[in-house]
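Chemist: Below is the structure, and that's it, no one-letter string:
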């Protein structure tokens, strides 16, 4: 886990530093750093590396790049989601969001640059196994773009009507599915048997986010609370109530555990899953939720 | 030329239609169509196909995808440039810009989706020559992202100071250079000998844009005029005056023509260049500029 953390940070540093070479506009470079560090839990790249490990980790550099590319896209989505025209969030991870710190123009461009950087990072790491690149890129694009990636998921907020599972699957589940599929692909494994694990975990993650949004205050979250209610957005809490959403979360984590393919890495992955479930909804938040 | 036009349009239609499959959010899908059609002159993909032809056009599908990916990124940049926080342009190509027609949120997301679609389009077309993909992707990312692509170029508008040639090279020259380099790469040719042609033409294009912005009215442009002056942006007209900018344009077109590598396709490419120079600054505009 500690080693994975170092690998992820190194891959992210490499990608961002490449963008800061001679001629880079300094404000945009600073805005990009602000978007990427300090990170959250980096759960998506951790998941990617864990699945790569379960598949033998046959090309660590490619797995690192796959994990970093997913994290860069996650950061891009946060920067654009925080913009005034979307969530209008002034804080993120306990400090100013990118558009508050660097202005709206730099925030739009930082998101754009991070998307490009994600694809570039993957392309540059494929030297040893170039034939794995087309499918890795295909999965990444599918999980981010149209018709069912995170960009499409975000766009459901602009529609009059959206089915909650479709919305969650696209908005959050997508990058988790990408993490497991790409971890497998980077190591020469079969992405199809790993998709379910990522999808269940991703849906659980979104439900946990809905619960925290409803049950915690801004101090606990490091960002504005009660956003879903304020913005009238689809939410598992709105649909099932707090206790119902909590039960739904437990069920999704169970499904995720059951979907881990049996093999040498299965035990470690289930341990990662349980630790993540505990981190997502610690006892204090669960107590708030059933209070 | 007619055949190239059909190839480009077919490649764009294929890319956009793939994003409209089952499950796509309809407003975002419509916003993307609005951003891509009706197009402008599609000069970047035309350039890409012309260079591929000069290099033997050994993989037409890959050349088409390369051209389409560049055009999708060009469309993405126009959508984001028109946003209220940048140019705040209500019209583009004679009708409502994307954020006016579909709202700011859909415009941000349409740009994001188009960037992803560009990389996806390229990845999907590499079946016959997968080993050409890493370098094609690398060039595309370099010409779009940080430190010197169009996103970086746009970001110079957020800095207190920018050198005009650096700014132009990044903002407009980049995608022209990408077009010539990728046209060569798609056909198995050498991108390095084609870079200069794209760069000169790209710089000429930007100077022509500055001249039109200063010399034409909104009816002639199909978008707001005098933007550079209104927004206090670096401009060749501001730097050299209208007549000086026109002389600078002619010089850049000359340089572009001289940088075309000798070979079977050189004559056709120089004809394309001259036709493009005439289209960019027709006699009526030149008359305005020296009036």
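Modeler: Nice, thanks for sending it over. Quick caveat, the model's predicted, so the values are computed rather than measured. Numbers count the residues shown, from 1 in each chain, chains lettered A, B, ... in the order given.
Chemist: Residue numbers of the stretch 151-291 of chain A in contact with chain B?
Modeler: Applying Cβ under 8 Å from any Cβ of the partner chain, we find that the stretch 151-291 of chain A lies next to chain B at A:151-152, A:154-159, A:162, A:166, A:170. Every residue, glycine included, has its C-beta placed from N, CA and C.
Chemist: Identify, from the residues you listed, the entry nearest to residue A:227.
Modeler: residue A:157 (11.3 Å; Cβ to Cβ).
Chemist: list the contacts for that closest one?
Modeler: By Cβ atoms under 8 Å, 6 or more residues apart in numbering or on different chains, the contact list for residue A:157 reads A:86, A:167, A:231, A:233, B:105.
Chemist: so the fourth one is in which element?
Modeler: Spelled out, that is residue A:233. Per DSSP states H and E: residue A:233 is located in neither a helix nor a strand.
Chemist: before we move on, what about the last one?
Modeler: According to DSSP H and E, residue B:105 maps onto helix B:104-124.
Chemist: quick check, the helix or strand following that helix touching chain A?
Modeler: Later in the chain than helix B:104-124, the nearest helix or strand by DSSP H and E is helix B:133-144. Yes. Using Cβ under 8 Å from any Cβ, helix B:133-144 comes into contact with chain A via B:133-134, B:137-138, B:141-142, B:144.
Chemist: Closest to residue A:79 out of those?
Modeler: Nearest member of these to residue A:79, counting by Cβ to Cβ, is residue B:144, at 17.1 Å.
Chemist: right, and that closest one touches residue B:174 too?
Modeler: Yes. Taking Cβ atoms under 8 Å as the definition, residue B:144 is a contact partner of residue B:174 at 7.0 Å.
Chemist: And the nearest residue to residue A:235 once chain neighbours are set aside, how close does it get to chain B?
Modeler: Closest residue to residue A:235 apart from its sequence neighbours, by Cβ to Cβ, 6 or more residues apart in numbering or on different chains: residue A:228 at 4.0 Å. Relative to chain B, residue A:228 is positioned 16 Å away (Cβ to the nearest Cβ, to the nearest Å).
Chemist: Find the residues that touch each one of residue B:144 and residue B:174.
Modeler: residue B:150.
Chemist: Who has more neighbours out of these two?
Modeler: The neighbour count for residue B:144 versus residue B:174, taken as other Cβ atoms under 10 Å in any protein chain shown, is higher for residue B:144 (32 against 27).
Chemist: who's in contact with the more buried one?
Modeler: Going by Cβ under 8 Å, 6+ apart, the list of residues near residue B:144 reads A:116, B:73, B:115, B:150-151, B:174-175, B:178.
Chemist: out of those residues, which one sits closest to residue B:276?
Modeler: residue B:175 (14.4 Å).
Chemist: and that closest one, how many neighbours?
Modeler: Residue B:175: 27 surrounding residues under other Cβ under 10 Å.
Chemist: what does residue A:288 give?
Modeler: 17.
Chemist: who's in contact with it?
Modeler: Residue A:288 makes contact with A:215-216, according to Cβ under 8 Å, 6+ apart.
Chemist: List the buried residues of the helix or strand where it lies.
Modeler: Per DSSP H and E, residue A:288 falls inside helix A:283-290. Neighbour-count burial for helix A:283-290 flags A:285-286, A:288-289 (criterion: 16 or more other Cβ atoms under 10 Å in any protein chain shown).
Chemist: Of those, which pair is most distant in space?
Modeler: A:286 and A:288 (7.3 Å).
Chemist: one step back: and the contacts of residue B:144, which are buried?
Modeler: Using 16+ other Cβ under 10 Å, the buried ones in these are A:116, B:73, B:115, B:150-151, B:174-175, B:178.
Chemist: What is the nearest of the residues you listed to residue B:255?
Modeler: Out of these, the member with the shortest distance to residue B:255 (by Cβ to Cβ) is residue B:174, at 17.1 Å.
Chemist: Following element in sequence after the lowest-mean-pLDDT helix or strand in chain A, please.
Modeler: Every helix and strand of chain A was ranked by mean pLDDT, DSSP states H and E. The lowest is helix A:164-168, at a mean of 70. Next helix or strand after helix A:164-168 toward the C-terminus (DSSP H and E): helix A:174-186.
Chemist: my guess is residue A:139 meets residue A:185, correct?
Modeler: Yes. The pair residue A:139 and residue A:185 passes the contact test of Cβ under 8 Å, sitting 6.7 Å apart.
Chemist: and for these two, which residues touch both?
Modeler: Common neighbours of residue A:139 and residue A:185 (Cβ under 8 Å, 6+ apart) are residue A:191.
Chemist: The two: which is more packed in?
Modeler: residue A:185 (29 against 21).
Chemist: isn't the more buried one right next to residue A:66, touching?
Modeler: Yes. When contacts are counted by Cβ under 8 Å, residue A:185 is listed as touching residue A:66 (7.4 Å).
Chemist: which residues are in contact with both of those two?
Modeler: residue A:136.
Chemist: just for the stretch 151-291 of chain A, where's the confidence low?
Modeler: By pLDDT under 70, the low-scoring segments of the stretch 151-291 of chain A are A:164-165, A:291.
Chemist: do you know how far residue A:25 is from residue A:97?
Modeler: To residue A:97, residue A:25 is 20 Å away according to Cβ to Cβ, to the nearest Å.
Chemist: thought residue A:104 was touching residue A:86?
Modeler: No. The pair residue A:104 / residue A:86 is not scored as a contact, 11.5 Å apart, by Cβ under 8 Å.
Chemist: mind putting the residues of helix B:133-144 next to chain A in JSON lines, pLDDT included?
Modeler: Shown next, in JSON lines, are the residues of helix B:133-144 next to chain A (pLDDT from 0 to 100):
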{"residue": "B:133", "pLDDT": "97"}
{"residue": "B:134", "pLDDT": "96"}
{"residue": "B:137", "pLDDT": "97"}
{"residue": "B:138", "pLDDT": "96"}
{"residue": "B:141", "pLDDT": "98"}
{"residue": "B:142", "pLDDT": "96"}
{"residue": "B:144", "pLDDT": "97"}
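Chemist: out of those residues, who's nearest residue B:238?
Modeler: Using Cβ to Cβ, residue B:144 is the member of those that lies nearest residue B:238, at 26.4 Å.
Chemist: Distance of the closest one relative to residue A:285?
Modeler: With Cβ to Cβ as the criterion, residue B:144 and residue A:285 are 41 Å apart.
Chemist: for residue A:160, same thing?
Modeler: Residue A:160 is 32 Å from residue A:285, by Cβ to Cβ.
Chemist: Equivalent analysis for residue A:54, please.
Modeler: 29 Å.
Chemist: same question, residue A:178
Modeler: 27 Å.
Chemist: next one: residue A:34
Modeler: Going from residue A:34 to residue A:285 by Cβ to Cβ gives 27 Å.
Chemist: just to revisit the earlier point, and the buried residues of helix A:283-290, which is closest to residue B:125?
Modeler: After measuring the buried residues of helix A:283-290 against residue B:125 - Cβ to Cβ - the closest member comes out as residue A:285, at 47.1 Å.
Chemist: Does that closest one touch residue A:211 like I think?
Modeler: Yes. At 7.0 Å, residue A:285 and residue A:211 qualify as touching, with contact defined as Cβ under 8 Å.
Chemist: what about residue A:224, how many neighbours?
Modeler: Here the number of neighbours of residue A:224 (other Cβ under 10 Å) works out to 18.
Chemist: what sits against it?
Modeler: Counted by Cβ under 8 Å, 6+ apart, residue A:224 has contacts A:87, A:89-91, A:218.
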